[in-house]
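[1] Here's a sequence, model it:
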Amino acid sequence: MGEEEADFMDDSDSASSLDQLSKQIKEEGATVLIASNWLHDQLKDRLQSQGITQVENGVKLYGERLNDYLKSQWGIDLRQRAKEAPPLVGYILWGFAKEKHLGNIDQYLLKMGARVVYICLSQEALEKNRDRVAKHPHLVANHDLVAELEFPLILGSKDFLSSPKTISAYTGHACCGLLMVYFGQYRLQMNAVVEAFMANYDILFAPTRRVARFYEQLKEERGLGSPLVVEAGYPSLDLQILDYEDYLKNHSIDPTDVIVTANAETEVLTSLFDALLSIGMNIVFRPHPLDLDSKTVFDMERLYKGNDRVLIDKTSTLSAELLARSITLISDWSSLAYSYPFTTLKPVILFDPYGEFIQYDGYGSKIKFFDENIHIVCSKDTEVAHQVKCIKEELRRWNESIGRYRKEELLNFLSSSEKIAEFLLNHIK
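    Modelled structure (predicted):
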């Protein structure tokens, strides 16, 4: 694309603010590029109020240049793709946990003859995925620039994809999909979040039969013909199950630990911990990644420092060893409440001191987060302690019942990445 130099205006810095630079811009007859679609009109009005009339939409300008550059580099016209050319798939990498939800979809797309273009939304995303993208076309572009691309398919949200030729697909979050938005941090905005999902995606990949029914229910309630709901499965879970079962083949472990991921106030958690310690349990406390720097986590580290039966685990991924050592997991609205039982065939205790696991949305539907086939709901720490003892005594029965349910409930069990890739390629054609 060549190299060009530009100065940046930033009103948060007095030295580079519009007020400071406006005289120089007018004297030099410089053109100002606006680097935001969302704030374009507002920023243009502000510039013109300062007498600056040479203004262009920088996102549109560089979007056109980017498309021309990609066309020349790859020999593919992104706007008028030839029918005989390999399908072109834009594959968005965010640079954090969302990558894992895509499993091996990209590898299967490549095996099936698609041309995958990796779009990293930041330099950090590129660095984290460099090994993955090194041998393939890839670029770093922010949300606004990505919106200017005209790929036949992009795995990402249409809230930043504007091209009518772009297809966006949502792979879901664990085995609860959009059920997550009715609980925890999303609760107050749940209808707005659901409406955004329904509007911004062409395809919703359902991880389980229950979630597929839930998606269809959402569409029916809102009188929507789209997005398309596909019974797909969940790629990340498949990989986790294979890793866990491979670990069990080579290790024999007697479960002794209880994993706690429940997000609650310090007083509630300490009461829960004390109840578990009183029945001889070892505790592994895994706070949610968004809560690692919270006061509650700080309090728990301080209160249980030196207690060798309480481990505060801040690692990014649950290891197969820890899953094998655990008797159960005590959770709330975390996605682990679904991925844990389907991986380990052990039940989850949903600790519900605030009465949160049934919600009602604005359309009058009764939304239930828990699934009685894999969850036990407790509102008091004494109930939790009792259920932990019962689970320990009945682990084999739980293994068998959850194993049967897993075969019925999970879609494309252990083959979801491949099936999703097949669907996407057929959908493009």
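
[2] Contacts only, for Asp11.
    Shown in contact with Asp11 (Cβ atoms under 8 Å, 6 or more residues apart in numbering): 17-19. No exception for glycine: its C-beta is placed from N, CA and C like everyone else's.

[3] 7 Å - rerun?
    Going by Cβ atoms under 7 Å, 6 or more residues apart in numbering, Asp11 touches 17-18.

[4] per-residue confidence for it?
    We note a pLDDT of 81 for Asp11 in this prediction.

[5] repeat for Leu424
    We have a pLDDT of 91 for Leu424.

[6] likewise Ser162?
    For Ser162, the predicted pLDDT is 62.

[7] Would you check how far apart the closest residue to Ser17 other than its chain neighbours and His40 are?
    Nearest residue to Ser17 in three dimensions, chain neighbours excluded: Asp11, at 4.8 Å (Cβ to Cβ, 6 or more residues apart in numbering). Distance of Asp11 to His40, given as Cβ to Cβ, to the nearest Å: 16 Å.

[8] before we move on, what about Glu301?
    46 Å.

[9] again with Glu418
    According to Cβ to Cβ, Glu418 stands 42 Å off from His40.

[10] Which one's more surrounded, those two?
    The residue with more neighbours, out of Glu418 and His40, is Glu418; 21 against 17, by other Cβ atoms under 10 Å.

[11] That one against Tyr108, yeah?
    Yes - judged on Cβ atoms under 7 Å, Glu418 makes contact with Tyr108 at a distance of 4.8 Å.

[12] What mean pLDDT does stretch 246-259 get?
    On average, stretch 246-259 scores 94.

[13] gap between the two ends of it?
    For stretch 246-259, the first-to-last residue distance is 21 Å (Cα to Cα, to the nearest Å).

[14] Buried residues, it. List them.
    Buried residues in stretch 246-259, defined by neighbour count with 16 or more other Cβ atoms under 10 Å: 255, 257-259.

[15] What is the nearest of those to Gly306?
    Asp257 (18.2 Å; Cβ to Cβ).

[16] The closest one bridge partners, please.
    Beta-bridge pairing for Asp257 (DSSP bridges): Asn282, Ser326.

[17] could you measure it against Leu329, distance?
    Between Asp257 and Leu329 the distance is 10 Å, computed by Cβ to Cβ.

[18] Likewise for Asn104?
    As judged by Cβ to Cβ, Asn104 and Leu329 stand 26 Å apart.

[19] Those two: which is more packed in?
    Between Asn104 and Leu329, counting by other Cβ under 10 Å, Leu329 is the more crowded of the two (27 against 18).

[20] in terms of contact, does the more buried one touch Tyr340 like I think?
    Yes - in terms of Cβ under 7 Å, Leu329 counts as a neighbour of Tyr340; the distance is 4.6 Å.

[21] Determine the residues that are contacts of both of those two.
    Residues within reach of Leu329 and of Tyr340 at once, by Cβ under 7 Å, 6+ apart, are Val348.

[22] least trustworthy helix or strand in the chain by mean pLDDT?
    Ranking every helix and strand in the chain by mean pLDDT, DSSP states H and E puts strand 358-360 at the bottom, with a mean of 62.

[23] how many neighbours does Arg65 have?
    Arg65 has 14 nearby residues by other Cβ under 10 Å.

[24] make that Ser401, sorry
    For Ser401, the tally of surrounding residues (other Cβ under 10 Å) stands at 15.

[25] how much space between it and Met9?
    Taking Cβ to Cβ, one finds Ser401 at 63 Å from Met9.

[26] can you check Phe197 too?
    Distance, Phe197 to Met9, by Cβ to Cβ: 35 Å.

[27] pLDDT weak spots in the chain?
    For the chain, residues meeting the criterion pLDDT under 70 lie at 1-4, 74-85, 95-99, 152, 158-165, 173, 181-190, 358-366.

[28] where does Leu329 fall, helix, sheet strand or coil?
    At Leu329, secondary structure determined by DSSP: H, G, I helix; E, B strand; the rest coil is strand.

[29] ok now do it, which residues does it touch?
    Leu329 makes contact with 259, 261, 336, 340, 348 under the criterion Cβ under 7 Å, 6+ apart.

[30] Go again with 8 Å.
    Neighbours of Leu329 in contact, by Cβ under 8 Å, 6+ apart: 258-261, 336-337, 340-341, 346, 348-349.

[31] before we move on, what about Val348?
    328-331, 336-337, 340-341, 374-376.

[32] ok, what's across the strand from it?
    Under the criterion used here (DSSP bridges), Val348 is bridged to Leu329, His375.

[33] Roughly how far does it sit from Ile402?
    To Ile402, Val348 is 10 Å away according to Cβ to Cβ.

[34] Between the two, which contacts overlap?
    Residues within reach of Val348 and of Ile402 at once, by Cβ under 8 Å, 6+ apart, are 341, 374.

[35] Strands of the stretch 101-250 of the chain, residue ranges please.
    Assigned by DSSP state E, counting those that start in this stretch, the stretch 101-250 of the chain shows strands spanning 115-120, 138-140, 153-155, 169-170, 203-206, 228-231.

[36] do you know which of the ones you listed lies nearest Asp243?
    Distance to Asp243, taken as Cβ to Cβ, is lowest for strand 203-206 among these, at 21.4 Å.

[37] how deep is Leu102 tucked in, by neighbour count?
    Applying other Cβ under 10 Å, we find 18 residues neighbouring Leu102.

[38] actually Leu290, not the one I typed
    Leu290 has 10 nearby residues by other Cβ under 10 Å.

[39] for it, helix, strand, or coil?
    helix.

[40] One more: Leu272?
    Using three-state DSSP, the secondary structure recorded for Leu272 is helix.

[41] Do I have it right that it meets Val384?
    Yes - using Cβ atoms under 8 Å, Leu272 is in contact with Val384, at 6.3 Å.

[42] which residues do those two both contact?
    Common contacts of Leu272 and Val384 (Cβ under 8 Å, 6+ apart): 330, 351.

[43] To what extent is Lys419 buried, counted in neighbours?
    Lys419 has 19 neighbouring residues, counting by other Cβ under 10 Å.
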